[in-house]
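Undergrad: the sequence and its predicted three-dimensional model are supplied below.
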Amino acid sequence: MHKLRFVLLLLAMAVVAPLALLVGAGPASAADGSGEDRVVRVGTEGTYPPFTFEDPDTGDLTGYDVDVVKAVAQEAGWRLEFATSPFDAIFGSLDSGRIDVVANQITINPEREARYRFSEPYTYSRGVIVTAADDDSITTLADLKGKTTAQSETSNWSQVAKDAGAKVENVEQFSQAATLLAQGRVDAIVNDNIAVLDYLETSGSDEVKIAGYAGDDVGEQALTFRKDAPQLQREADQALETLRADGTLARLSEKYFGTDVSSEASTEIDLQGDRSATTWEVLRSTAGPMLWGAVKGTIPLTVISFVIGLALALVVALGRLSSSRLANVPARVFVSIIRGTPLLAQLFIVYFGLGQIGLKLDPYVAATVAFSLNVAGYAAEIIRGAILSVPRGQFEAATSIGMDRRLTMRRVVLPQAARIAVPPLGNTLLSLIKDTSLAAVVLVPELFRAAVSAASTSFEYLPLYLLAAFYYWVICFLVSLAQEPLERRLGRYVS
Amino acid sequence: MTRPLIEVRGLRKAFDGTEVLRDVSFTVDEGSVTAVLGPSGSGKSTLLRSLNVLEQPDAGVVRIADASIDFGSFDDLGKAEQKRELAALRARSGMVFQSHHLFPHMTVLQNLTEGPVRVQGRPAGEAEADAHRLLEQVGLADRGSAYPSQLSGGQQQRVGIARALALNPQVVLLDEPTSALDPELVGEVLGVVRDLATRGWTLVIVTHEVRFARDVADQVLFLDGGVIAEQGGPDVLRDPQHERTRQFLSRVLEAR
Ligand SMILES: Nc1ncnc2c1ncn2[C@@H]1O[C@H](COP(=O)(O)OP(=O)(O)OP(=O)(O)O)[C@@H](O)[C@H]1O
Ligand SMILES: [Mg+2]
């Protein structure tokens, strides 16, 4: 991945730097500039375990949020400087530019979104109801009516419990509440799953359990930036994506909470108390999303890119065949560039590269553009070869019956070229189907992406990627089935 | 004395500086058969292709019926006018190629209707009726739905002739229509050509079939080194005046 980033950087520089120079729009402020080893200042409380706190033994700043921002920095090439401050002062520091990013379990909400810029979430939380391990009578908020709960007074969960019709006993800390619950002095606790998981992990208690959800809302916590720092946010998003894909986020989360809270799927708490799903369950629950990814992502991406690519290819092929240098040279250069550079680099240039100089494309659009251009480059040569393989006599015969160039192409040359071109174009299509998996890297929701995100939470790499491979094979197999009759039809005149 | 159907004057053509046609002039009367003979490389094909402007001559005039182009000043014309003149002259002649050049992806019938329908814009039904009639004329009434690859060489060439006729040209140009064929297939094609002659078609045919030329031709052009070395009625082939012609004829007749 690092090597890839390096190559990408070189390519992006080669392609984008001259452009940026031309339009005189280099990267803006120091805080939002790009390049290795920029100092990025992080604001965090340092007193909020297990998210951000000082290690009692070493005095070093540590915690889930601290580790996440450190990992992001390593991916993005930032040098971090931490500044601890009380929660109340953190946003002021961000506003005034004393810090560049907040890593402090900041929950995304509409008011904050209006003022700040958030990265992709790295924590997903959800309200849960905790009961004694042997109590099956409470699973929803409705079940709390008339029951007693233990809540810390200032928490908004206290209000949630009251709204549900429960009596509330005030406590200082979650551990106190858990003790009351274990002793049977209260019936339940309402809190967010992360606090509960943290308690279960650190105490090792098996006297209480998560019995159900307290409502449907999912809270999302993310790194927070100033509005004027889109570059930092983009780099953080890229880094988080990598960390998610390579399992780093999940590992950090496991370290502090004993489970993965870094993905939305993790809010689907296994209420039976058995936290890790079996391989079979993972496969069953991912097969659907993968199929959906194929139907919504892979297949339309393939079809649209192939159709646009073929149309472009025909134009480029005719350009290559033209005697006019004005048409010939650009077509030749285009083909050479497309065939001489990696598809992944092309995709990154379109998505990240153009994004950097202001042309921010939706991932789906960017992928379609990149794949279409790629198909055009390869198919152009196939079509050109096919046209050249049509005997000269065919052009002459068409001319002698009065056809002009257009009609000759349309009625005589292209139908014959099609027969020659279909088998190699079939290969191009099969390659494209498989290549669309690269779109997962720029977050297009397609088949492979579904496998990647499922794997990052379940760690079932082998079965999930085998299943993904199987899906691709099925699609390719069906396409190759359709190819045969098409070839037969186009070649029916050949005895 | 009526005006000849075809008039060629001062035709010149060079490929890469090598003159292939040097000041060629002749006329062709309506309803006559002109046989063009000559050694290989003498410019016979180039001459025939110039009449259909598959090859653009460097200088000279080609007139077929009411369409004519003066190639000496052709390059001075605008693109649109060039296109119009080319189309007009081309429409006066139908071309039969040595290796037929039928459209392999179309049936025999489609090969015949393609020009009339797509180029001349005639109704498909009408063009098909004509095509059926032409196929009958060349003895292939039942092969309309076949693809060219399903026919013998002789049949393919007969379709090639029918395709040229389908556009109803003033003259049919045939460039060695039998020399790519196995000897036993030559007869059927020459039979069709002979039939065209008796039906009154104007034909210009490049051929090595001396006997056939002697029987059918009204006019013989003997081409050598890009000039017409000898010209006259079919008797020229019995009693050539020029040494080159004599040599050529004896060689060709020996080879048979
Ligand atoms: N497109 C071309 N480019 C260059 N030279 C050509 C071209 N067409 C014909 N020639 C040359 O012109 C000369 C005459 O060719 P042409 O085909 O007219 O001869 P021909 O009398 O038909 O010969 P054959 O009996 O072999 O068919 C030959 O030397 C040939 O090589
Ligand atoms: Mg020839």
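TA: Thanks, I have the structure now. Residues are numbered from 1 along each chain as shown, chains lettered A, B, ... in the order given. Ligands and ions are numbered 1, 2, ... in the order given.
Undergrad: when you work out contacts or count neighbours from here on, use the C-alpha atoms and nothing else.
TA: OK.
Undergrad: list the contacts of A:Lys227.
TA: When contacts are counted by Cα atoms under 8 Å, 6 or more residues apart in numbering or on different chains, A:Lys227 is found next to A:115-117.
Undergrad: and it, what pLDDT?
TA: Note for A:Lys227: predicted pLDDT of 92.
Undergrad: one more: the one 10 residues further on?
TA: According to the prediction, A:Asp237 has pLDDT 92.
Undergrad: what's the answer for A:Ser372, then?
TA: 97.
Undergrad: would you enumerate the residues in contact with it?
TA: With Cα under 8 Å, 6+ apart as the criterion, the residues that contact A:Ser372 are A:304-309.
Undergrad: helices - which of those residues land there?
TA: Within the contacts of A:Ser372, residues falling in helices by DSSP state H are A:304-309.
Undergrad: just checking: which of those residues also lie near ligand 1?
TA: Among those, not one lies near ligand 1 by Cα under 6 Å from any ligand atom.
Undergrad: just the mean pLDDT for the helix or strand where A:Asp65 lies, thanks.
TA: Applying DSSP states H and E as the criterion places A:Asp65 in helix A:64-76. In this model, helix A:64-76 carries a mean pLDDT of 91.
Undergrad: now stretch B:89-101
TA: 94.
Undergrad: next: stretch B:175-189.
TA: Mean predicted lDDT for stretch B:175-189 stands at 91.
Undergrad: list the buried residues of it.
TA: Neighbour-count burial for stretch B:175-189, counted by 16 or more other Cα atoms under 10 Å in any protein chain shown, picks out B:175-178, B:180-181, B:185-186, B:188-189.
Undergrad: show me where the stretch 101-250 of chain B has its helices.
TA: For the stretch 101-250 of chain B, applying DSSP state H, counting those that start in this stretch gives helices covering B:108-114, B:124-137, B:153-166, B:183-198, B:210-216, B:235-238, B:243-255.
Undergrad: the stretch 1-150 of chain B against ligand 1: which residues are in contact?
TA: Checking the stretch 1-150 of chain B against ligand 1 by Cα under 6 Å from any ligand atom, the hits are B:15, B:20, B:39-46.
Undergrad: of all those, which two lie farthest apart?
TA: B:Phe15 and B:Pro39 (18.1 Å; Cα to Cα).
Undergrad: and A:Ser262, how many neighbours?
TA: The number of residues packed near A:Ser262 is 26, by other Cα atoms under 10 Å in any protein chain shown.
Undergrad: residue of the stretch 351-495 of chain A nearest ligand 1, please.
TA: Going by Cα to the nearest ligand atom, ligand 1 is nearest to A:Arg392 of the stretch 351-495 of chain A, at 11.2 Å.
Undergrad: go ahead and flag the most central residue of the chain.
TA: This is for chain A. The residue lying closest to the centre of chain A (Cα atoms, centre = their mean) is A:Leu443, at 3.5 Å.
Undergrad: hm, I was asking about chain B
TA: Central residue of chain B (Cα atoms, centre = their mean): B:Leu173, at 1.3 Å.
Undergrad: show me what that one is bridged to.
TA: Counting by DSSP bridges, B:Leu173 forms beta bridges with B:Met95, B:Val204.
Undergrad: isn't it right next to B:Ile205, touching?
TA: Yes. B:Leu173 lies in contact with B:Ile205 (Cα atoms under 8 Å); the separation is 5.9 Å.
Undergrad: hang on, the earlier thing: buried ones only from the residues of the stretch 1-150 of chain B next to ligand 1, please, as a PyMOL command.
TA: Only the buried entries of those go into this PyMOL selection, using 16+ other Cα under 10 Å:
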select buried, chain B and resi 20+39+42+43+44+45+46
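Undergrad: residues in contact with stretch A:409-426?
TA: Counting by Cα under 8 Å, 6+ apart, residues outside stretch A:409-426 touching it are A:379, A:382-383, A:386-387, A:389-390, A:394-395, A:398, A:480, A:483, A:487, A:490-491, B:103, B:105.
Undergrad: and if we set it to 6 Å?
TA: Residues outside stretch A:409-426 that contact it (Cα atoms under 6 Å, 6 or more residues apart in numbering or on different chains) are A:386-387, A:490.
Undergrad: go on, stretch B:194-214?
TA: For stretch B:194-214, the external contacting residues (Cα under 6 Å, 6+ apart) are B:30-37, B:171-176, B:234.
Undergrad: try 7 Å
TA: B:30-37, B:44, B:170-176, B:216, B:234, B:237 (Cα atoms under 7 Å, 6 or more residues apart in numbering or on different chains).
Undergrad: now it: average pLDDT?
TA: For stretch B:194-214, the mean confidence score works out to 93.
Undergrad: which residue ranges form the strands in chain A?
TA: A:38-44, A:47-48, A:52-54, A:61-62, A:78-84, A:101-102, A:116-118, A:123-132, A:148-152, A:167-171, A:189-192, A:208-221, A:224-226 (DSSP state E).
Undergrad: which one of those strands lies closest to chain B?
TA: Of all those, strand A:116-118 sits nearest to chain B, with 60.9 Å by Cα to the nearest Cα.
Undergrad: residues from chain A in reach of chain B?
TA: Contacts of chain A with chain B, taken as Cα under 7 Å from any Cα of the partner chain, map to A:393-394, A:396-397, A:400-403, A:412, A:416, A:493-495.
Undergrad: tell me which two in those are the farthest apart.
TA: A:Gly402 and A:Ser495 (28.1 Å).
Undergrad: out of these two, which sits in the busier spot?
TA: Set A:Gly402 next to A:Ser495 and count neighbours by other Cα under 10 Å: A:Gly402 wins out with 26 against 9.
Undergrad: isn't the more buried one up against B:Ala91?
TA: Yes. At 6.5 Å, A:Gly402 and B:Ala91 qualify as touching, with contact defined as Cα atoms under 7 Å.
Undergrad: so what's the residue count around B:Gly233?
TA: B:Gly233 has 15 nearby residues by other Cα under 10 Å.
Undergrad: list the residues that contact it.
TA: Contact analysis of B:Gly233 by Cα under 7 Å, 6+ apart lists B:218-220.
Undergrad: which one of the residues you listed sits closest to A:Thr428?
TA: B:Val220 (56.6 Å).
Undergrad: so the closest one sits right up against B:Gly232, yeah?
TA: Yes. B:Val220 sits in contact with B:Gly232 when judged by Cα under 7 Å, with a separation of 5.5 Å.
Undergrad: so which of these two has more stuff around it?
TA: Ranked by neighbour count (other Cα under 10 Å), B:Val220 and B:Gly232 place B:Val220 first, with 24 against 14.
Undergrad: what pairs with that one across the strands?
TA: B:Ala35, B:Gly232.
Undergrad: pLDDT weak spots in the chain?
TA: Answering for chain A, as no chain was given. Where chain A drops to pLDDT under 70, the residues are A:1-37, A:154-155, A:266-277, A:457, A:495.
Undergrad: look at chain B instead
TA: In chain B (pLDDT under 70), the answer is B:1, B:254-256.
Undergrad: which bits of it sit near chain A?
TA: B:52, B:54, B:87, B:90-91, B:94-95, B:101, B:103-105, B:115, B:119, B:147, B:149-150.
Undergrad: inside strands: which ones of these?
TA: Per DSSP E, strands hold the following members of the residues of chain B next to chain A: B:94-95.
Undergrad: next, give me the two most distant ones among the residues of chain B next to chain A.
TA: The largest distance within the residues of chain B next to chain A, taken as Cα to Cα, falls between B:Ala87 and B:Gln150 and amounts to 32.3 Å.
Undergrad: out of these two, which sits in the busier spot?
TA: B:Ala87 (20 against 16).
Undergrad: who touches the more buried one in this structure?
TA: Contacts of B:Ala87 by Cα under 7 Å, 6+ apart are A:Gly402.
Undergrad: quick one, phi psi at B:Leu21?
TA: phi -120, psi 130 (degrees, to the nearest 10).
Undergrad: hmm, B:Lys13 and it touching each other?
TA: Yes. With contact defined as Cα under 7 Å, B:Leu21 counts as touching B:Lys13 (4.9 Å).
Undergrad: higher neighbour count, those two?
TA: More neighbours surround B:Leu21 than the other of B:Leu21 and B:Lys13, with 27 against 24 (other Cα under 10 Å).
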